[in-house]
Every structure is written in structure tokens, then in C-alpha cells.
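> Sharing a model that was predicted from the sequence below.
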Amino acid sequence: MNFFGLTDKGKLRRQNQDFLFASDVPVGGLPNLFVVADGMGGHNAGEVASEYAVDELLERLRATDDPEPVHAISDAVSYANAKVYEKAGEDIDKAGMGTTMVTCVLSGKHLSVSNVGDSRLYCLDRTSIRQITRDHSVVEELIRRGALSEEDAEFHKDRHKITRAVGAEPEVRTDFFDLDFSGREDEAILLCTDGLTNEVSDSELQSIIEGEGSLKEKVTKLIDTANSRRGADNITALVIFPFADSDEVEL
């Protein structure tokens with residue numbers, strides 16, 4: 001396994017409210033764990049929410065030896081949600097804070113993915129890129145109902161509003177996706193926040209990740225490309241080549 005992640009505050013934001021965690025060694029009963037979170041809230045509440053939620057997620061996972069990703073992650077996200085919600089209620093400056101959270105765990109050739117909010121996970125190879133997660137956002141709900149086209153969604157006034165977040169409500173609902181990587185060992189995985197996907201198209205994401213260079217160079221180019229546009233939001237990209245054993249990786 002080979003992976004690399006970067007987070008950047010972008011060109012316009014004063015703080016970085018994104019947070020990432022990546023480990024190819026066991027976390028509790030899980031063989032590995034990758035997490036990207038994008039906080040929300042006034043003052044520094046978003047920054048607090050994303051890091052605190054991931055810390056609480058890890059604390060819960062490390063306290064159990066449950067090897068079943070869906071059960072372990074579901075329990076840990078619920079625990080993190082309760083802790084963030086409780087913390088938000090203790091300080092008026094943090095009221096209403098919350099965070100997106102997308103995770104993945106690779107067990108052999110099986111990938112378990114979870115998400116809350118609009119941070120995303122993609123799988124890609126030389127010929128295609130697929131968004132595995134589904135955004136929990138106002139515009140995505142409108143698209144699913146047929147009330148808004150994907151083209152119009154890019155300019156919708158509520159395109160940044162999410163409908164689900166860790167810590168925003170007393171309870172949270174987490175979506176899960178399962179993928180079999182058998183026979184697809186050349187695929188890459190991308191976890192990212194909307195600061196990347198709002199600036200860089202899917203085809204550009206694929207082109208950069210499948211291109212030449214080290215994994216660090218690829219991820220750095222993703223961040224730099226987003227910043228070369230508007231860089232209007234915090235930007236986080238975490239790329240995993242699950243079955244690569246060299247830093248020079250190409251699809």
C-alpha cells in the first residue's frame with residue numbers, strides 16, 4: 001500500500017478547517033484507516049469540529065477490537081457525533097459546529113467506505129473515475145429529485161449547504177458503500193474535500209493522478225491546481241494506491 005495526503009487552507013480562507021488522518025497500520029480491530037473531514041462553524045469552530053471529531057472517532061475505534069468495518073465505523077461516528085454535539089453546547093462560539101467525514105478501510109481486496117456530508121471518495125483507473133460516495137447537500141438532493149440539472153447545480157446559491165454533518169444534531173446517519181477490488185488492483189482511491197472538487201473537474205483529477213511522478217508530486221499538483229483557480233476554500237486530497245509498493249506509481 002502507498003498513500004499520501006495534504007491539506008491546505010487555500011487562497012482566501014484565514015483558517016484551515018479541514019483535517020485528515022491516514023494509517024496503514026491497525027487502528028483498533030481495523031487493519032488500516034483513512035479519514036478526511038471538513039469542519040463548519042463560526043470563529044474557529046469548524047477547525048475544532050473536524051479535528052475533534054476525528055480524534056473522538058479514533059479514540060472509540062482504539063478502544064475496541066471489532067474487525068468489522070461497517071459496525072466499527074458506524075459506532076465510532078455516532079460516538080464522535082455525540083461528543084462534538086456535546087462540545088458545541090458548552091460554548092456559544094461553537095454552537096452549531098459540525099463536520100463532514102469520509103472514511104475508508106481496506107481489508108484484503110474489500111474496501112469499506114463511509115460518508116457524512118459532501119466530502120468525497122473516488123475510485124479511478126486509466127479509463128474512468130467514479131464517485132463512490134453521495135453528497136449530503138442541498139443541490140444533490142435537488143438533482144436526485146430531478147428538480148435541478150448537474151450543470152445548473154454548479155451555480156446554485158445553496159451549492160455549499162450540506163444536509164448532514166457529524167455533530168450538527170444529537171444523532172447522525174452514516175452512509176456505507178462496499179467495493180470488491182478483486183481484479184482491480186491497478187485502481188487508485190481519492191478522498192477529498194469540496195475545496196478540491198469545486199475547482200478541479202473529475203477528468204482533471206483522473207489526469208493528474210494517472211500522470212507521471214511520485215505520489216507526493218501528484219497530490220501536490222492536485223492542491224496547486226485548485227489554488228491556481230480560485231482557491232476559495234480549504235483543500236484536502238488523500239490518494240491511496242492500495243496494492244502499490246513503490247512511490248513512483250502510475251495507473
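Everything's here; your move.
> Buried residues, stretch 34-46. List them.
By 16 or more other CB atoms under 10 Å, the buried positions in stretch 34-46 come out as 34, 35, 36, 37, 38, 39, 40, 41, 45, 46. For the C-beta atoms, the positions are set from N, CA and C on the backbone; glycine is no exception.
> which of those residues lies closest to residue 60?
Of all the buried residues of stretch 34-46, residue 35 has the smallest distance to residue 60: 12.5 Å, by CB to CB.
> That closest one: what's its closest spatial neighbour, skipping adjacent residues?
residue 21 (4.4 Å; CB to CB, 6 or more residues apart in numbering).
> Quick check: the one you found vs residue 5, distance?
Counting by CB to CB, to the nearest Å, the gap from residue 21 to residue 5 is 9 Å.
> and what of residue 109?
With CB to CB as the criterion, residue 109 and residue 5 are 22 Å apart.
> By mean pLDDT, which helix or strand of the protein comes out lowest?
helix 150-153 (a mean of 53; mean pLDDT, DSSP states H and E).
> Relative to the whole chain's centre, how far out is the helix or strand following it?
Using DSSP states H and E, the helix or strand that follows helix 150-153 in sequence is strand 175-180. Between the centre of strand 175-180 and the centre of its chain there are 14 Å (CA atoms, centre = their mean, to the nearest Å).
> what does strand 175-180 rub up against?
The contact list for strand 175-180, computed with CB atoms under 8 Å, 6 or more residues apart in numbering, reads 70, 73-74, 109-116, 121, 123, 132-134, 136.
> So for residue 109 and residue 5, which residue has more residues nearby?
Neighbours of residue 109 and residue 5, each counted by other CB atoms under 10 Å, are more numerous for residue 5; the result is 20 against 14.
> Using the three-state scheme, assign that one.
Classification of residue 5 using DSSP: H, G, I helix; E, B strand; the rest coil returns strand.
> next one: residue 216
helix.
> For residue 34, report the pLDDT, please.
pLDDT, residue 34: 98.
> so how far is the helix or strand harbouring it from its chain's centroid?
Using DSSP H and E, residue 34 falls within strand 33-40. With CA atoms, centre = their mean as the basis, strand 33-40 stands 5 Å off its chain's centre.
> same question, stretch 109-121
For stretch 109-121, the distance to the chain centre is 7 Å (CA atoms, centre = their mean).
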